[in-house]
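K.L.:
Any chance you could fold what I've pasted below:
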Amino acid sequence: MADEPNRVFLWSIPRSVSTAIVKCLSYVDGIQIVNHLYASGHYMGVNGELPEPDPSNPTVCQILDVTRRLIDEVQRDKASGIDYTLLSYQWIRDEVLEASYPNKKLLLCRDQAQYLHGRYDMLPRGFKYSFLIRHPIRVFRSYKTYLANMWGCEFPDMRTLPPIAFPPGCGYKELFDLFEYVGKNIDPSPVILDADDLLQDPAGILSTYCSKMGIPYSDKLLSWQADGDNITKTWIMSNSIGASNRMQGYYYKRAFESVGFVKTSPLPDLASLPDDVQACVEYSLDYYERLHRERIKPGI
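P.N.:
Coordinates of the predicted model:
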């Protein structure tokens with residue numbers, strides 16, 4: 001329909017500056033952001049897969065404890081957002097992603113493929129698809145720190161975490177599998193952007209991405225105010241995300257406080273990183289390189 005918005009999906013790998021990208025694009029006129037509903041459903045929704053209690057596994061006990069405290073926080077503060085108990089794959093698709101938005105020009109949804117669990121039958125119709133990647137060394141070095149903060153515990157090997165906490169395919173296999181499915185069944189030319197390219201050349205990469213996705217671009221998008229709490233009030237997301245951000249503080253902290261894209265430092269030597277980080281990088285590198293070869297470049 002003519003009054004329906006342009007619908008764009010951004011599927012990302014963890015720790016790929018996707019929150020900063022979504023915050024940046026939040027200033028596009030007439031946009032509606034849908035933020036991490038599949039992720040919220042993965043942790044706490046109808047299709048959530050919490051591990052069974054195991055007194056002999058302190059990490060599992062800690063994950064369950066954090067989840068219980070988050071539920072208490074949501075209920076105590078009556079956090080704003082979609083009730084996490086509604087979040088099934090079908091409800092997200094039918095009631096949010098395929099809903100009508102007659103007063104909006106653009107619907108931008110951000111999520112991660114690992115939270116879809118291969119349920120490609122639940123993908124929404126009418127979207128342009130894009131995929132955000134980043135070098136696995138940067139991803140997993142950051143991811144290990146993030147997971148320790150999120151679950152409040154240290155662990156020697158993140159690959160031993162239960163699936164609710166760490167994806168079996170390290171996130172990259174899940175993203176690549178979704179990319180292949182989309183290319184064969186939905187859109188033969190989905191767009192790939194690399195976060196490291198974006199940070200090195202924000203204007204060139206963001207303008208190219210916006211052009212390909214039908215998003216109005218202006219250089220004004222390259223800098224913004226550090227008002228993350230205010231801008232996210234306009235986002236559609238689960239009440240569990242707001243509660244988590246208040247309870248744990250770090251959830252989107254860096255992106256919320258950002259005012260622009262910051263260039264990255266050189267990649268560290270792989271051998272200098274923890275063994276599990278090295279293993280995740282080596283497992284994911286082929287998926288990354290195959291996607292990286294098809295990434296957008298400025299003006300192309």
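K.L.:
Can you point out the buried residues in the lengthiest helix in the chain?
P.N.:
Longest helix in the chain, counting residues (DSSP state H): helix 58-77. Going by neighbour count (16 or more other C-beta atoms under 10 Å), the buried part of helix 58-77 is 59-60, 63-64, 66-67, 70, 73-74. In this view, the C-beta of every residue, glycine as well, is placed from N, C-alpha and C.
K.L.:
Show me the contact partners of that helix.
P.N.:
43-44, 50-55, 79, 84, 150-153, 155, 160-162, 164-165, 239-240, 243-244, 246-247 (C-beta atoms under 8 Å, 6 or more residues apart in numbering).
K.L.:
which regions of this protein sit below the pLDDT cut-off?
P.N.:
For the chain, applying pLDDT under 70 flags the ranges 1-2, 77-79, 228-229, 245-256.
K.L.:
Helices of that one, residue ranges please.
P.N.:
Remark: helices assigned in the chain by DSSP H are 18-25, 37-44, 58-77, 89-91, 136-151, 172-185, 195-200, 202-213, 228-231, 239-248, 253-257, 275-292.
K.L.:
contacts for the first one?
P.N.:
Contacting residues not belonging to helix 18-25 are listed as 10, 12, 31, 33, 35, 108, 110, 132, 195, 198, 206, 215, 221-222, 224, 228, 231-232, 235, 252, 255-256, 258, 261 [C-beta under 8 Å, 6+ apart].
K.L.:
now those residues: which count as buried?
P.N.:
Counted by 16+ other C-beta under 10 Å, these give 10, 12, 31, 33, 35, 108, 110, 132, 195, 198, 206, 215, 221, 224, 228, 231-232, 235, 252, 255-256, 258, 261 as buried.
K.L.:
follow-up on the earlier one: quick one: work out the angle between the longest helix of the chain and helix 136-151.
P.N.:
60 degrees (axes from the mean of the first three to the mean of the last three C-alpha atoms, to 10 degrees).
K.L.:
roughly how far is helix 58-77 from the heart of the chain?
P.N.:
Put simply, helix 58-77 sits 21 Å off its chain's centre (C-alpha atoms, centre = their mean, to the nearest Å).
K.L.:
just the angle between that helix and helix 37-44, please?
P.N.:
Using the same axes, to 10 degrees: helix 58-77 against helix 37-44 is 110 degrees.
K.L.:
Give the burial count for Lys297, as a bare number.
P.N.:
Residues lying near Lys297 (other C-beta atoms under 10 Å) number 12.
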